[in-house]
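> Starting from these lines, generate the structure:
(4 chains)
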Number of protein chains: 2
Amino acid sequence: MAVTLKDIAEEAGVSLMTVSNVVNGKTARVSPATIERVRGIVDRRGYVANASARSLAASRSRTVGVLVPVAEGDMLTMSPHHVAVIGGMERQLRQAGYHVLLRGITEPAEVGEAVREWGLDGAVLLGFLDAEIDALPAEGGPLLAIDSYSLNPRATGVRSDDFGGGGLAARHLLEHGHRRLLFAGPAFGDSGVVRRRHDGFRAAVDAVTDATAEVVAVNTTYEDGLALGRALRAEHPAVTAVFATADVLAVGIMAGLLDAGASVPGEVSVVGFDDLDLGQFVRPRLTTVAQDLAEKVAVATRMLLGEIDGEAAPDEVELGVRLVTRESVAVPRAADSEAGPDSAPTGASR
Amino acid sequence: MAVTLKDIAEEAGVSLMTVSNVVNGKTARVSPATIERVRGIVDRRGYVANASARSLAASRSRTVGVLVPVAEGDMLTMSPHHVAVIGGMERQLRQAGYHVLLRGITEPAEVGEAVREWGLDGAVLLGFLDAEIDALPAEGGPLLAIDSYSLNPRATGVRSDDFGGGGLAARHLLEHGHRRLLFAGPAFGDSGVVRRRHDGFRAAVDAVTDATAEVVAVNTTYEDGLALGRALRAEHPAVTAVFATADVLAVGIMAGLLDAGASVPGEVSVVGFDDLDLGQFVRPRLTTVAQDLAEKVAVATRMLLGEIDGEAAPDEVELGVRLVTRESVAVPRAADSEAGPDSAPTGASR
DNA sequence: CTGAAAGCGCTTACAG
DNA sequence: CTGAAAGCGCTTACAG
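Numbering: from 1, shown residues only, chains lettered A, B, ... in the order given. Next comes the predicted model:
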């Protein structure tokens, strides 16, 4: 079998717990000579501590769960944005000596089970509904919920400034002279990411007297966007600009518009949200609201690790957002001729 | 603390190991009455076995590692294809009672460390170079390498019929009348995925007397494709069709071609490989070689689990591939006028 | 059908 | 600066 602490101890002629101490860097209580000798043997023999034994004895697993909701019997899926968050967190956790357990969650009770089963020091919640997080028991290890507005005190939510992002999108469109706007995103209730994006969008529209915005509920998929785009001019003839709450959706809408013979951004402008690579792959390139992924990852990891170490964490952290201007927004044709130069863009979009 | 086997045993008035037996379904050796009583208590108290204790005692972790190479200090990244493979395998492993540990690997020695540290029952290698897998020590738990041609007997490679896929792409183009083809993909050596795709492509081209194919080495990124597409007509004026070894690359090439004023597929046809969603998001929609992802996942999981249970596994498994015909391939203009109807597509491309 | 014992490889107090 | 003891929560033979 693999080499154990005992093997090292025997070879070094010291006790098992002295080896444990040097392996764990509790170097203050061991003589330099012993440290060096033990380290040499550890390296030579290729000793690696058994994580199970360590967790069991220390009742600390140095493991963090990445929990993702899945429909019963379905496969685990992750958006490109979530994949990037996981990838970034894995690196930081690894460098901090933590491990990552990836697990699909079929029903809420499973998050508690997963935590107890592995003695998880903490967990990251990816893609859960706020209501699901609210319903989680308040006791247990620290939880970090990405993009959540949940009020559960156990979960600290790390998310972007969705309200601000919605406002950014709306103002960019309004500054270009658009007055009949459409907000396209999944149905929303009283809270949550989509609600916030909508409210920010709405507030900016309401600030301009002759501007109005309609809302249409669609699932966040390319196909739903495509269908909406194709029917857009027929069903919403006055609309000249669309804000979609996700890039995939926006890309679908653009494709649908193009399919139906409408030019983008000539006749209809489109703004997305997320700044996925995808937005640069399509033509016209998508103007979108970008989140600072690196910062999100850094903050999320720091929060979680801090909480594991007993620090108090804020209930939520909101990250900045910015507009990435590409090619999918232009001055509307109607405004172009009717309203004259006054409604042309007024410069920087803020 | 959490409820343990001992708590359940005391409440049920039986020994600890009887509880262990019913929890683990070793029901043959326990009376029905006891089983039912113990199960009731387990459910009521919400008992969940401690995975660390279990691994330690059984020297079997019921955990599989998903290992992904990362550059030192870099974040872990996964292609959409890899993400789908992981997602699919996670589900099957979960249903089989296994857990998934996700880990970035900076240098080859870390795979052995990871396996020993967690007593991993097996591991999935995602995105490793064949040479890296070849260099892994042959002893240790079973390894499953996705898309690998490694000869290491410890690793069973599950991959698509890359040679066949290359042939499919070439024949589709040849049947449309193309005679000056270009193979675009990362630089390749004597083996590996790209080599095989090239060889299959080449063999099909060589089977047509007046057809020739050039090879150009590019990284598998949208940006590299874009640059190649923009320069294509200037640098390869005779080429009328391109086969790219990955969809992202193909999409970049199409965009570059369009940027440079070349029509796709009017002047240049393009075929990709992978069948990512992305291919349907762009215009023209990408014709590409598709892998059967569901089958790949099912086979990979079955192989790995089988090997963990001591079954012998083949050294490699090759999965079928098929052509998905969309809009990026057409009869070349030159062939259109010069060669006449004879070189038009000859029907279904298999 | 059921149980007492030993042990998996480590860490945590506590002594010296 | 170093070590002997107890114990983390489970499973594995082995008895009865």
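> Determine which residue belonging to the stretch 251-350 of chain A approaches DNA strand D most closely.
Scanning the stretch 251-350 of chain A for proximity to DNA strand D using C-beta to the nearest atom of the strand identifies A:I308 as nearest, at 18.8 Å. For the C-beta atoms, the positions are set from N, CA and C on the backbone; glycine is no exception.
> For that residue, give me its contacts.
A:64, A:121-122, A:141-142 (C-beta atoms under 8 Å, 6 or more residues apart in numbering or on different chains).
> What is the neighbour count of the nearest residue to A:N21 once chain neighbours are set aside?
In space, A:N21 comes closest to A:V30 once its chain neighbours are excluded; the distance is 5.5 Å by C-beta to C-beta, 6 or more residues apart in numbering or on different chains. Summarising burial for A:V30: neighbours were counted as other C-beta atoms under 10 Å in any protein chain shown, giving 16.
> can you pull the contacts of A:V30?
A:18, A:21-22, A:38.
> ok, 7 Å please
A:18, A:21-22 (C-beta atoms under 7 Å, 6 or more residues apart in numbering or on different chains).
> Return the subset of these lying in helices.
Secondary structure defined by DSSP state H assigns A:18, A:21-22 of those to helices.
> got the residue ranges for the strands in chain A?
Defined through DSSP state E, the strands belonging to chain A, from first to last, are A:63-69, A:99-105, A:122-126, A:143-146, A:155-160, A:180-185, A:212-217, A:241-244, A:269-274, A:287-291, A:316-319, A:321-324.
> which of the ones you listed is buried the deepest?
With neighbours defined by mean count of other C-beta atoms under 10 Å in any protein chain shown, none of the strands of chain A is more surrounded on average than strand A:241-244, at a mean of 30.
> So which elements touch that strand?
When contacts are defined as 3 or more C-beta pairs under 7 Å, 6 or more residues apart in numbering or on different chains; DSSP states H and E, strand A:241-244 packs onto helix A:162-175, strand A:180-185, helix A:247-259, strand A:269-274.
> mean confidence score for stretch A:180-189?
Along stretch A:180-189, the predicted local confidence has a mean pLDDT of 96.
> er, stretch A:279-293 I mean
For stretch A:279-293, the mean pLDDT works out to 95.
> ok so, going back, using JSON lines, please lay out the ones in helices among the contacts of A:V30 together with pLDDT and distance to DNA strand C.
Conversion of the ones in helices among the contacts of A:V30 to JSON lines gives the following (pLDDT from 0 to 100; distance: C-beta to the nearest atom of the strand, whole Å):
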{"residue": "A:T18", "pLDDT": "88", "distance to DNA strand C": "10"}
{"residue": "A:N21", "pLDDT": "87", "distance to DNA strand C": "7"}
{"residue": "A:V22", "pLDDT": "88", "distance to DNA strand C": "10"}
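> and those residues, which are buried?
Applying a neighbour-count criterion of 16 or more other C-beta atoms under 10 Å in any protein chain shown, the buried members of the ones in helices among the contacts of A:V30 are A:18, A:21-22.
> Please identify which of those is nearest to DNA strand D.
Comparing these against DNA strand D with C-beta to the nearest atom of the strand picks out A:T18 as the nearest, at 4.0 Å.
> from what I can see that closest one touches A:S31, true?
No - no contact is recorded between A:T18 and A:S31 when judged using C-beta atoms under 7 Å, the distance being 9.5 Å.
> I'd like the distance between A:V158 and A:L93.
Counting by C-beta to C-beta, to the nearest Å, the separation of A:V158 from A:L93 is 15 Å.
> any chance of the strands of chain A in a markdown table, plus distance to B:A250?
Putting these into a markdown table (distance: least, C-beta to C-beta, whole Å) gives the following:
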| stretch | distance to B:A250 |
| --- | --- |
| strand A:63-69 | 30 |
| strand A:99-105 | 30 |
| strand A:122-126 | 30 |
| strand A:143-146 | 32 |
| strand A:155-160 | 32 |
| strand A:180-185 | 29 |
| strand A:212-217 | 33 |
| strand A:241-244 | 26 |
| strand A:269-274 | 23 |
| strand A:287-291 | 23 |
| strand A:316-319 | 34 |
| strand A:321-324 | 25 |
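> returning to that earlier point: local confidence estimate at the residue nearest to A:N21?
Looking at A:V30, its pLDDT is 77.
> Likewise for the one 5 residues further on?
If you check A:I35, the pLDDT there is 87.
> Verify the stated contact: it with A:V22.
Yes - A:I35 lies in contact with A:V22 (C-beta under 7 Å); the separation is 5.1 Å.
> shared neighbours of these two, anything?
In the contact map built from C-beta under 7 Å, 6+ apart, no residue is linked to both A:I35 and A:V22.
> Could you list the low-pLDDT ranges of chain A?
Low-confidence regions of chain A, defined by pLDDT under 70, span residues A:1, A:28, A:334-350.
> per the record, what domains does it have?
Here chain A is described, according to automatic domain parsing, as comprising the domains A:5-49, A:63-160+A:294-320, A:162-286.
> which one of the ones you listed has the most crowded surroundings?
For the domains of chain A, where neighbours mean mean count of other C-beta under 10 Å, the stretch averaging the most is domain A:162-286, with a mean of 21.
> re earlier: which among the contacts of A:I308 gets closest to DNA strand C?
Taking C-beta to the nearest atom of the strand as the measure, DNA strand C sits nearest to A:D121 out of the contacts of A:I308, at 12.4 Å.
> Tell me the spacing between that closest one and B:V3.
Look at A:D121 and B:V3: by C-beta to C-beta, they are 20 Å apart.
> what's the answer for A:G306, then?
As for A:G306, its distance to B:V3 is 29 Å (criterion: C-beta to C-beta).
> A:S59 too?
Look at A:S59 and B:V3: by C-beta to C-beta, they are 15 Å apart.
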